[in-house]
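Student: sequence and predicted structure, then a few things I'm wondering about:
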Amino acid sequence: MEAPVKRRSPLFLSILAASLTFFIYGCASAQTVKLTVQPGTQSIDIAASNFKFDPNLINIPSPGTYTLSVTNKSGLHHNITVKDPSGKVIAKQGLTPGKTVQVSVDFAETGTYPFLCTVDSHAELGMTGKFQVGTASQ
């Protein structure tokens, strides 16, 4: 005689799914990692990994054109998308796993320039940051 097959209740499955979601979000929640760019520096190094950028709060002393050197340290495809203070995309570059790319960005005025990964739900999982140009960090 065969043993009866146990079926999981919908409540059990819901709790399991919620637990996994909290675990994933908990592991992906990014801490703020600050970088202050020194006057005269025109290159900024950024590491992209699983659902975070490092650093993710970058203070730039004044407007101008800067080169982002972005290394994808993960095994997943990502991108870096930079928006101006009004929300318009001013730079977007795909990031191949294990590779470094150079991205030229013109920060035309003072203000906050958000950046993020727009692949799937990577931004919602914490893959975001901001450039503070000519202003104190908040």
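Tutor: Noted; the coordinates are in hand. Numbers count the residues shown, from 1 in each chain.

Student: can you give me the strands for the protein?
Tutor: For the chain, applying DSSP state E gives strands covering 34-36, 43-49, 52-54, 57-60, 64-72, 78-83, 89-95, 100-107, 111-116, 128-133.

Student: now for the third one, which elements pack on it?
Tutor: The criterion is 3 or more CB pairs under 8 Å, 6 or more residues apart in numbering; DSSP states H and E, and the helices and strands that strand 52-54 contacts are strand 43-49. C-beta here means a position set from N, CA and C on the backbone, and glycine is covered the same way.

Student: the strand it packs on pairs with which strands, parallel or anti?
Tutor: Looking at strand 43-49 with DSSP bridges, its partner strands are strand 52-54 (antiparallel), strand 64-72 (parallel).

Student: winner for burial among these?
Tutor: Mean neighbour count (mean count of other CB atoms under 10 Å) peaks for strand 52-54 among these, with a mean of 21.

Student: so what touches it?
Tutor: Contact partners of strand 52-54, identified using CB atoms under 8 Å, 6 or more residues apart in numbering, comprise A28, A30, V33, I46, A47, I80, F115, C117, G126, M127, T128, G129.

Student: among the residues you listed, name the buried ones.
Tutor: A28, A30, I46, A47, I80, F115, C117, G126, M127, T128, G129 (16 or more other CB atoms under 10 Å).
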